[in-house]
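S.K.: One predicted model, sequence on top.
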Amino acid sequence: MAERAGDQAAGLRRLFGRERMRIVTFAAGSVGVGKSVTVANLAAALARQGKETLIIDENADDQVAALFGSVGRHDLQEVLDRRRKLADTLLTLAPGVRLLRAERAMRSLAGLADAQRDALLESIGGMERPADVILIDASSSYPLGFSPLALAADETVMVLAPTSSAITEAYALIKKLSLGFARRRFRLLVNKVRGADEAEAIHANIAHVTKSRGLARTEFAGHVPLDEHLRQAERLCQPVTALFPDAPAAAAFRQLAGDLLCWPQPDGDDGGFEHFVQQLIHLSQRIDCTAIHAR
């Protein structure tokens, strides 16, 4: 019966021409690997391909907004406190790209009062489809080293740089998620590399170690080259695809955007954004309990 319902849901999506919303988390084992820059530029590339993109940013530095020359003034916490509707907290960064800051809200998610949880779910339930793609810029400043956003999304992309410390820390985070929460699949994006061969070799090494030790399976998401155009665009607070469309980094983000839209999606109907948030609340409580017991 469940299989039949899933077939019907898939058929309806095809009939009305609406693809299932994609929710992808970008995580990192360490700072300085270019995760937020990657999320911002990928969002711009997706928007240029006609996809409405929502970025959920749970970092305190507001870097994603700054990369578009904006400032994020509101936080999801204001929705939890019933001071603002969810739609009113969204900041338009560029045509087709919006931002939801969630740094304060994520810190309190595990301990939500019933009224706060109801306010969040009511607000989400009253929204139309928020985006075609949701990109999550996950924070690593959690007691166990990872965010529940890395678990609630359909896909988790681990961003790393070609340094021994970044590679080691990315592997350590994959190990924690695999052993502690049975997360069995990740995509690896290698940033700031000299070429595709270097990125593929790094992924091959991590994939070999994780497989040999019975941990998660990793898939190669691609690479972003070390490109001065990207750093210049960052200084000018604009996506590299807008300022330097012919730059190697711009081509890499266009490729990543196209690939992301073709990644296989889980079977069945996930219930959309509301289902994702319900999962997020549950995982936040679970991670919080695990952190308490680990002290």
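M.R.: Sure thing, it's come through. Residues are numbered from 1 along each chain as shown.
S.K.: What segments of the protein are helices?
M.R.: Along the chain, the segments classed as helices by DSSP state H run 2-15, 35-48, 63-66, 77-80, 86-89, 103-108, 114-125, 149-152, 164-181, 196-212, 228-235, 240-243, 248-260, 272-294.
S.K.: Reformat those helices as TSV; add mean pLDDT and mean neighbour count.
M.R.: All C-beta spots, glycine's among them, are computed from the backbone N, C-alpha and C. Compiled in TSV, the helices of the chain are given as follows (pLDDT from 0 to 100; neighbours: other Cβ atoms under 10 Å):
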stretch	mean pLDDT	mean neighbour count
helix 2-15	44	11
helix 35-48	97	26
helix 63-66	95	20
helix 77-80	91	21
helix 86-89	89	17
helix 103-108	86	19
helix 114-125	80	15
helix 149-152	80	24
helix 164-181	92	18
helix 196-212	96	16
helix 228-235	96	17
helix 240-243	96	21
helix 248-260	98	20
helix 272-294	70	16
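S.K.: Tabulate these in CSV, adding columns for distance to residue 187.
M.R.: Below are the helices of the chain laid out as CSV (distance: least, Cβ to Cβ, whole Å):
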stretch, distance to residue 187
helix 2-15, 23
helix 35-48, 12
helix 63-66, 20
helix 77-80, 30
helix 86-89, 28
helix 103-108, 22
helix 114-125, 26
helix 149-152, 12
helix 164-181, 11
helix 196-212, 9
helix 228-235, 20
helix 240-243, 21
helix 248-260, 9
helix 272-294, 18
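S.K.: out of the ones you listed, nearest to residue 134?
M.R.: Nearest of the helices of the chain to residue 134, taken as Cβ to Cβ: helix 272-294 at 7.4 Å.
S.K.: Tell me which of the helices of the chain lies nearest to residue 29.
M.R.: Judging these by Cβ to Cβ, what sits closest to residue 29 is helix 164-181, at 3.2 Å.
S.K.: contact partners of the closest one?
M.R.: Around helix 164-181, the neighbours that count as contacts under Cβ atoms under 8 Å, 6 or more residues apart in numbering are 27-30, 32-33, 140, 144-146, 150-151, 156, 158-160, 183-184, 186, 188, 202, 205-206, 209-210, 213, 215-216, 218, 283, 286, 290.
S.K.: Quick one: work out the angle between that helix and helix 196-212.
M.R.: 30 degrees (axes from the mean of the first three to the mean of the last three Cα atoms, to 10 degrees).
S.K.: Going forward, count from 465.
M.R.: Okay, using 465 as the starting number, the last item reads as helix 628-645.
S.K.: Please put the alpha-carbon coordinates of helix 628-645 into CSV.
M.R.: Only the C-alpha atoms of helix 628-645 are listed here, as CSV (Å, rounded to 0.1, in the frame of the first residue of the first chain):
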residue,chain,number,x,y,z
SER,A,628,46.3,17.3,6.1
SER,A,629,44.5,18.9,9.0
ALA,A,630,41.3,19.6,6.9
ILE,A,631,41.3,16.0,5.5
THR,A,632,41.8,14.5,9.0
GLU,A,633,39.0,16.6,10.6
ALA,A,634,36.6,15.9,7.7
TYR,A,635,37.2,12.1,8.2
ALA,A,636,36.7,12.5,12.0
LEU,A,637,33.4,14.2,11.5
ILE,A,638,32.2,11.5,9.0
LYS,A,639,33.2,8.9,11.6
LYS,A,640,31.2,10.6,14.3
LEU,A,641,28.1,10.9,12.2
SER,A,642,28.4,7.4,11.0
LEU,A,643,29.0,5.7,14.3
GLY,A,644,26.8,8.0,16.5
PHE,A,645,23.8,8.5,14.2
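S.K.: Tell me the spacing between the closest residue to residue 494 other than its chain neighbours and residue 674.
M.R.: With Cβ to Cβ, 6 or more residues apart in numbering as the criterion, residue 494 has its nearest non-adjacent residue at 4.2 Å, and that residue is residue 633. Noted for residue 633: a distance of 14 Å to residue 674, by Cβ to Cβ, to the nearest Å.
S.K.: now swap in residue 680 and tell me
M.R.: Using Cβ to Cβ, one gets 6 Å for the distance from residue 680 to residue 674.
S.K.: The nearest residue in space to residue 669 that is not next to it in sequence and residue 697, how far apart?
M.R.: Nearest residue to residue 669, sequence neighbours excluded (Cβ to Cβ, 6+ apart): residue 631, at 7.7 Å. Noted for residue 631: a distance of 26 Å to residue 697, by Cβ to Cβ.
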